[in-house]
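Asker: below are the sequence and a predicted model for it; my questions follow.
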Amino acid sequence: MGAVGVVGGLGPLFGAGGPGGFGSGVFGGIGLEAFEPEFMQRALLAGLVAAVACSVVGTWIVLRGLTFLGDALAHGVLPGLALATTWGFNPVLGALASALVMSGAVTVVGRRAAVRDDVGIGLLFVGMLALGVIIVSRSANFTRDLSSLLFGDVLAVTVGDLRTQAVAAAAVVAVTVALHRPFLALAFDADKARTLGMRPALAHAAMLVVLAVAIVASFSAIGTLLVFGLLIGPPATAGLVVRRVPTRMLVAVGFGASAVVIGLLVSFHHGTAGGASIAAVAVGQFFAVLVLRDSLVALRYRRAVTVTP
């Protein structure tokens, strides 16, 4: 079934087009009437696809402590997007090319003993971001174009965007499943992975490519600046409650999906930016779960002290 069919098939679920309006849908009684319009249904699908792609690869990024790298790559797509906007070609191709260039540059710089990884990543981060802004500044609609690239417009997602997102997200999930063992070994002990013949350098390069594809799959929904919220927020939150990697990925997808739904509802009812609302909810979930977990630990400790004679 194509994206058009998927979007169209959501009509009965959300109650669109029925005689009773949204109230006749499955979710009509629980306050989700915001998803009756088709543009909101497309926004929901785009956000959910982004949540899946970001949560799956973001789990590895959080496990390996590469959050700064994830942030740098999220901004590294800006020059390609800017060129696509200026020259009028497919922005997905521009973003993917730019992300792959950034990934390759990070790998090359990381092999130089004279330069620390964080220094190289930081300089590439600023350089790519500056280059993107310089390219966009040549546009007649500088402010509008820059805002669209950085923050996205989840409410303007098209069916074509959904198709591209779905293909990219499927590729991310497929590669992540296929390379689970090398990624797992790399996350916990690169030296052991090398002795087992898993080629950690190649696994690291593959992870960077998967990360780049996940970012490209998400930028149209929430922009390059806010994709970091979905990339890190849900996996970090899942890490507070579960330990096993596959389970953590599934829980992260759940947190990401709920952030999308809540963020879009907030955006619809209160007129806030959709992408920013989603990212804010994703970040808020982490701190809410952190506080709840610490409170439960403290409560158990008090009970244990009280029971002990």
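Answerer: In hand now; what should we look at?
Asker: per-residue pLDDT, the residue nearest to residue 184 when sequence neighbours are not counted?
Answerer: Closest residue in space to residue 184, ignoring its immediate chain neighbours: residue 245 at 6.3 Å, by CB to CB, 6 or more residues apart in numbering. Where C-beta positions appear, they are placed from N, C-alpha and C, glycine not excepted. According to the prediction, residue 245 has pLDDT 92.
Asker: in contact with residue 245, which residues?
Answerer: By CB atoms under 8 Å, 6 or more residues apart in numbering, the residues touching residue 245 are 59, 63, 180, 184, 187.
Asker: cool, and residue 274?
Answerer: With CB under 8 Å, 6+ apart, residue 274 has these contacts: 43, 152-155, 222, 263-264, 267.
Asker: ok, now residue 91?
Answerer: 80-81, 84-85, 220.
Asker: how much space between the residue nearest to residue 184 and residue 127?
Answerer: Residue 245 sits 33 Å away from residue 127, taking CB to CB, to the nearest Å as the criterion.
Asker: do residue 96 as well
Answerer: Residue 96 is 19 Å from residue 127, by CB to CB.
Asker: where does pLDDT dip in the stretch 101-250 of the chain?
Answerer: For the stretch 101-250 of the chain, the stretches with pLDDT under 70 are 112-115, 140-146, 148-149, 220-222, 225.
Asker: and the helices in it?
Answerer: In the stretch 101-250 of the chain, the segments counted as helices under DSSP state H, counting those that start in this stretch are 117-137, 142-151, 159-178, 180-188, 190-195, 200-239, 245-270.
Asker: contacting residues around the shortest one?
Answerer: Which is helix 190-195. Helix 190-195 is contacted from outside by 182, 185-186, 199-200, 203, using CB under 8 Å, 6+ apart.
Asker: check which residues of it are buried.
Answerer: Neighbour counts using 16 or more other CB atoms under 10 Å place residue 193 of helix 190-195 among the buried residues.
Asker: any idea how far it is from the middle of the chain?
Answerer: Once both centres are worked out by CA atoms, centre = their mean, to the nearest Å, helix 190-195 turns out to sit 29 Å from its chain's centre.
Asker: and which of the contacts of helix 190-195 is nearest residue 284?
Answerer: residue 186 (30.8 Å; CB to CB).
Asker: how near is residue 282 to residue 181?
Answerer: Note on residue 282: its distance to residue 181, by CB to CB, is 29 Å.
Asker: hmm, I was thinking of residue 257
Answerer: Counting by CB to CB, the gap from residue 257 to residue 181 is 27 Å.
Asker: same check on residue 47?
Answerer: Applying CB to CB to residue 47 and residue 181 gives a distance of 31 Å.
Asker: and those two? Which one has more around it.
Answerer: Shown here are residue 47 and residue 181; by other CB atoms under 10 Å, residue 47 has more neighbours (27 against 12).
Asker: am I right that that one is in contact with residue 264?
Answerer: Yes. Counting by CB atoms under 8 Å, residue 264 is a contact partner of residue 47 at 6.5 Å.
Asker: hey, what's in contact with both of these two?
Answerer: Common contact partners of residue 47 and residue 264 (CB under 8 Å, 6+ apart): 154, 278.
Asker: that older thread, okay if I get the contacts of residue 91 as TSV plus neighbour count, secondary structure and distance to residue 306?
Answerer: Below are the contacts of residue 91 laid out as TSV (neighbours: other CB atoms under 10 Å; DSSP: H, G, I helix; E, B strand; the rest coil; distance: CB to CB, whole Å):
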residue	neighbour count	secondary structure	distance to residue 306
80	27	helix	60
81	27	helix	58
84	20	helix	63
85	20	helix	63
220	27	helix	54
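Asker: now, which of those residues sits nearest residue 290?
Answerer: Using CB to CB, those come closest to residue 290 at residue 220, 30.4 Å.
Asker: no further questions, thank you.
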